[in-house]
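> What follows is a predicted protein model with its sequence.
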Amino acid sequence: MKLRRDLLPSDRAPLARTLEATGFFNPEELALALELVDDRLAHGEASHYRFLVAEVDGEVAGYTCWGPIPGTVESADLYWIAVHPRHQGRGVGRALLAAAEEGMRRQGRRRCWIETATRPQYAPTRAFYLACGYTLVAELPEYYAPGDGKAIFCRVLDDIPGRRDGAGESPTA
């Protein structure tokens, strides 16, 4: 597996196929995800959005998109992370998340915030974030739709073993 920070115009179609193949995103969400891709392609380093693309055997296998949260000093949002189903279960998601966290740390961001849905389909997603050291800090019922709330996760990036000073603290401190 190879991770790269450069988002290429030729990545747009494989990323769209990856998002669609997961079966998790509705048309509005797909359009939003591709808007962020288009913003990065149009503005390059001036874009607010940061991308990492995972390739397996020369094929786009997944990606993540994150960015600093405007108006905050040390927080970043992980906007999207998606791995094509044929590459899931092979550590691609964990590698993308770890590399995104490292990029956040390099930019002085100490907290990573992630939002996801609470409907049953997203149970593996929520379990993934918990397994990666994130804390569920809030749930907003009926946020997206009736029966579909928002789960908010956070990780203080300094608390990752072997990174920086290793000091742990509560994500809400």
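Nice, I can see it.
> what's next to the helix ranked longest in the chain, contact-wise?
Ranked by residue count, the top helix of the chain under DSSP state H comes out as helix 27-43. The contact list for helix 27-43, computed with Cβ atoms under 8 Å, 6 or more residues apart in numbering, reads 7, 9, 11-12, 15-16, 19-20, 25, 47-51, 65, 79-80, 82. For the C-beta atoms, the positions are set from N, CA and C on the backbone; glycine is no exception.
> so how far is that helix from its chain's centroid?
How far helix 27-43 lies from its chain's middle: 14 Å, per Cα atoms, centre = their mean, to the nearest Å.
> Who are the packing partners of the helix or strand that that helix is followed by?
In the C-terminal direction, the helix or strand that comes right after helix 27-43 (DSSP states H and E) is strand 50-56. Using 3 or more Cβ pairs under 8 Å, 6 or more residues apart in numbering; DSSP states H and E as the contact criterion, the neighbours of strand 50-56 among helices and strands are strand 2-4, helix 27-43, strand 59-68, helix 92-106.
> and these as CSV, adding mean neighbour count and distance to residue 156?
Rendered in CSV, the data for the helices and strands packed on strand 50-56 read as follows (neighbours: other Cβ atoms under 10 Å; distance: least, Cβ to Cβ, whole Å):
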stretch, mean neighbour count, distance to residue 156
strand 2-4, 14, 23
helix 27-43, 14, 25
strand 59-68, 22, 16
helix 92-106, 19, 11
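> nearest to residue 147, of the ones you listed?
With Cβ to Cβ, the closest approach to residue 147 among the helices and strands packed on strand 50-56 belongs to helix 27-43: 16.6 Å.
> what angle do that closest one and strand 50-56 make?
100 degrees (axes from the mean of the first three to the mean of the last three Cα atoms, to 10 degrees).
> Report the mean per-residue pLDDT for helix 27-43.
For helix 27-43, the mean pLDDT works out to 97.
> Of the contacts of helix 27-43, keep whichever come out buried.
When burial is judged by neighbour count using 16 or more other Cβ atoms under 10 Å, the buried members of the contacts of helix 27-43 are 7, 11-12, 15, 19, 47, 49-51, 65, 79-80, 82.
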